[in-house]
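Colleague: Fold the following and give me the result.
(chains A and B)
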Amino acid sequence: MPAISTTPTLRGVHLTRTYGDGAKRRAALQDVSISLYPGQIALLMGPSGSGKSTLLAVLSGLLEPDSGQVLADDGGEMHDVWAMTPKQREAYRLRTTGFIFQGFNLFPALTARQQLEIVLNWGGYAAGGEGRRQADEMLDRLGMLPNRSKKPSQLSGGEKQRVAIGRALVKNPSFVFADEPTSALDWENGQKVMELLRDGAHDRGASILVVSHDHRLLPYVDVYYHLEDGHLEERPLTPPGH
Amino acid sequence: MSYALQTLWHERQRYVSGVFAVTFSAMLIALQCGLLLGLFKITSIPIDHATPALRDRIIWVGSTGAPSVDLGKPIPAAFLTRLAGRPGIAPPEMYIANFANFTKPVGGTELCFLLGTRLDDEALAPADVLTPELRAALSEPFTIVVDQSDVGRLKLDSSEGKPKINGKEVRVVGVVAGLKSLAAPWVFCSTHTARQLMGPMLPPDHTTYFLARADSPERARQVVTELRDAYPDDMAAYVAEDFSYRSREYWLTRTKAGVAIGYAALLGLIVGAVITYQTLKSATEASAKEFAILLALGIPRWRISVMVLQQSFWVAVIGMGCAYPLCLGLRELARLGGADVDLRWEVLAGTAAVTTFMCAGAGLWALRGVRQIEPMSLLR
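Modeller: Numbers count the residues shown, from 1 in each chain, chains lettered A, B, ... in the order given. Sure thing, here's the model as predicted:
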């Protein structure tokens, strides 16, 4: 494993986020701070409703916290993501962020290659032949090049998730957020997905945050956080009972 | 192939209702307009069938303010000198066009429209469907020709009695085809016969129209302008194609038929717009998660909006692509039934424009769904 930089590229500082009003008010995040480093894959675990997805959404610029800051390295400088205008935040996400979700959410009409091309084309990264070349290069890294012309209905669950990973990584993001990326897959495919994500972090220097319930992912990550009742703590990588 | 078109094709079952709605709307609009134009072409038959090849250079001179060819009032024959002798203008000819009272052989009367023209080979006015044989036959006094479609209406198929016009006995020497009438059957005859039949209703030394041929379309328009400027008070001048248009437009607006058709077309448009909107909306909702991923990745929302609008455009194109062959087929079917559906290019182009506009409206309406897509929905 390559050495991980000591300077974080993404920091959540004293993040608080609540849902509901009055008696129904519930704190999903209570004074949570977290740092993600380039080349690092971090695992965020916790029971259902513990606020894992909320933290992922706040850190990724999708959900505004009630208080606290999200500081992200964008072009060598740290910027407060939630001090940006919505347009600036959209552009920031375009430059820096990739997402992988439990549901693959691939366009049924498009081929594997086009699922990646659409991000490159519409994101203004590459068009035409160059977009195709970059998409093919990413699919090749994921072992999906032979399937580049297949549509989602012709792919297995594991293959679909690999395409979804390709879509997240093709624009070479600094941060990748993965919400339960393996939960819809069997363990064999889940392992492959984690290997790909780990390679994505280590080879590309990306900071990857994986949200999951599955302890079997621990061997594939560099750091492990546990979130419960809105409180975050870093835990050792050794699985419980070992 | 664009992502929009590719999605449309892949999910064609989803889009088929939208395409069907556009096809229905486009057909409704095109056929209604075509039927209306076909119907009102009847009102300009005397103009359109008077040497059709020269309709851009035949000058019609009639009474002031005649809004339609069948509403011309008598003008003095002396007006001929205003037109004759001008450079580039052939000698004018008289055209008598008047309503008359037709008495059927079996009794009962019907309003008819007398069209009395010169009958020689050089004449401009006679309907092009009058064969040399019919023209020769019409040179006999008190002979007439009617359209085949009016034979039954005028009871000319009866072996009893003899028809009369304005109380004077006439003899039918033949029939023509394709000149259907609306309110009053066309009755073709010579100017001499027409004058005799009209009697005191057409003052002596008067006619309804003068027709003259100009050397060129430009010369025709020039002379028409000169005549209008010189004699604005007691006569009117038109190039044939303009007078034809004016006649049809008059009856179209006078009868309010255009309004009725407009309402029917509007109804078709509304139905089409609503179904197209529903189709696009459900398609957008079905792709909401995929679009949400793109939004999370920072892809601007307008890219997705453009894709929805492109889909609405393709729905319009495919819908019209289905509608036009059907329209042409239905036109032939209508022709077999004796109805003329005038699907001129203006009708088809107008239908395309209105339908595309409708689909664009439905697409813009469906964009509300795009605005509601939130990347956070993927995490809930």
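
Colleague: Quick one: residues contacting the residue in the stretch 51-200 of chain B that chain A sits nearest to.
Modeller: Residue nearest to chain A within the stretch 51-200 of chain B (Cβ to the nearest Cβ): B:Asp56, separated by 50.6 Å. Every C-beta, even on glycine, is put in place using the N, C-alpha and C of the backbone. By Cβ atoms under 8 Å, 6 or more residues apart in numbering or on different chains, the residues touching B:Asp56 are B:217, B:220, B:239-241.

Colleague: rerun at 6 Å
Modeller: B:217, B:241 (Cβ atoms under 6 Å, 6 or more residues apart in numbering or on different chains).

Colleague: next one: the one 10 residues further on
Modeller: With contact set as Cβ under 6 Å, 6+ apart, B:Ala66 has these partners: B:Gly72.

Colleague: do that again at 7 Å, thanks
Modeller: Neighbour list for B:Ala66: B:72-73, B:236 [criterion: Cβ atoms under 7 Å, 6 or more residues apart in numbering or on different chains].

Colleague: mind listing which of those residues are in strands?
Modeller: Members of these lying in strands (criterion: DSSP state E): B:Ala236.

Colleague: Most neighbours among the contacts of B:Ala66, please name it.
Modeller: Looking at the contacts of B:Ala66 with neighbours defined as other Cβ atoms under 10 Å in any protein chain shown, the largest count falls to B:Gly72 at 25 neighbours.

Colleague: And that residue, how far from B:Asp56?
Modeller: Relative to B:Asp56, B:Gly72 is positioned 21 Å away (Cβ to Cβ, to the nearest Å).

Colleague: With B:Leu182 instead?
Modeller: Using Cβ to Cβ, one gets 25 Å for the distance from B:Leu182 to B:Asp56.

Colleague: Now do the strands in the chain.
Modeller: Let's take chain A. Assigned strands in chain A, in chain order: A:10-19, A:26-36, A:41-45, A:67-74, A:77-80, A:97-100, A:175-179, A:207-211, A:223-228, A:231-235 (criterion: DSSP E).

Colleague: nope, chain B please
Modeller: Here chain B has its strands, by DSSP E, at B:58-62, B:75-76, B:93-103, B:109-117, B:143-147, B:164-165, B:168-169, B:171-176, B:186-190, B:206-207, B:209-213, B:236-239.

Colleague: Determine the set of other helices and strands touching the first one.
Modeller: Where contact means 3 or more Cβ pairs under 7 Å, 6 or more residues apart in numbering or on different chains; DSSP states H and E, strand B:58-62 is packed against strand B:209-213, helix B:217-230, strand B:236-239, helix B:240-254.

Colleague: Report how many residues lie close to the residue nearest to B:Leu179 when sequence neighbours are not counted.
Modeller: Of all residues not flanking B:Leu179 in the chain, B:Asp147 sits nearest, at 4.5 Å (Cβ to Cβ, 6 or more residues apart in numbering or on different chains). Using other Cβ under 10 Å, B:Asp147 has 22 neighbouring residues.

Colleague: Could you pull up the residues touching B:Asp147?
Modeller: B:Asp147 touches B:175-177, B:179-181, B:185-186, counting by Cβ under 7 Å, 6+ apart.

Colleague: Now restrict the residues you listed to buried residues only.
Modeller: B:175-176, B:179-181, B:185-186 (16 or more other Cβ atoms under 10 Å in any protein chain shown).

Colleague: CA atoms of stretch A:60-67 as PDB?
Modeller: Listed next in PDB are the C-alpha coordinates belonging to stretch A:60-67 (Å, rounded to 0.1, in the frame of the first residue of the first chain):
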ATOM      1  CA  SER A  60     -20.100  15.300  -0.700                       C
ATOM      2  CA  GLY A  61     -22.000  18.600  -1.000                       C
ATOM      3  CA  LEU A  62     -25.400  17.200  -1.400                       C
ATOM      4  CA  LEU A  63     -27.000  18.100   2.000                       C
ATOM      5  CA  GLU A  64     -26.300  21.200   3.900                       C
ATOM      6  CA  PRO A  65     -25.400  20.800   7.600                       C
ATOM      7  CA  ASP A  66     -27.000  22.800  10.300                       C
ATOM      8  CA  SER A  67     -23.600  23.900  11.500                       C
END
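
Colleague: Is it in proximity to chain B?
Modeller: Yes: using Cβ under 7 Å from any Cβ of the partner chain, stretch A:60-67 reaches chain B at A:62-63.

Colleague: contact partners of that stretch?
Modeller: A:14-18, A:29, A:54, A:57-58, A:81-82, A:89, A:92-93, A:97, A:99, A:177, B:296, B:375-376.

Colleague: now do 6 Å
Modeller: So stretch A:60-67 is contacted by A:15-18, A:57-58, A:81-82, A:89, A:93, A:97, A:177, B:375-376 (Cβ under 6 Å, 6+ apart).

Colleague: out of the residues you listed, which are buried?
Modeller: By neighbour count, with 16+ other Cβ under 10 Å, the contacts of stretch A:60-67 hold A:15-18, A:57-58, A:81-82, A:89, A:93, A:97, A:177, B:375 as buried.

Colleague: Quick check: which ranges of the stretch 251-380 of chain B have low pLDDT?
Modeller: B:380 (pLDDT under 70).
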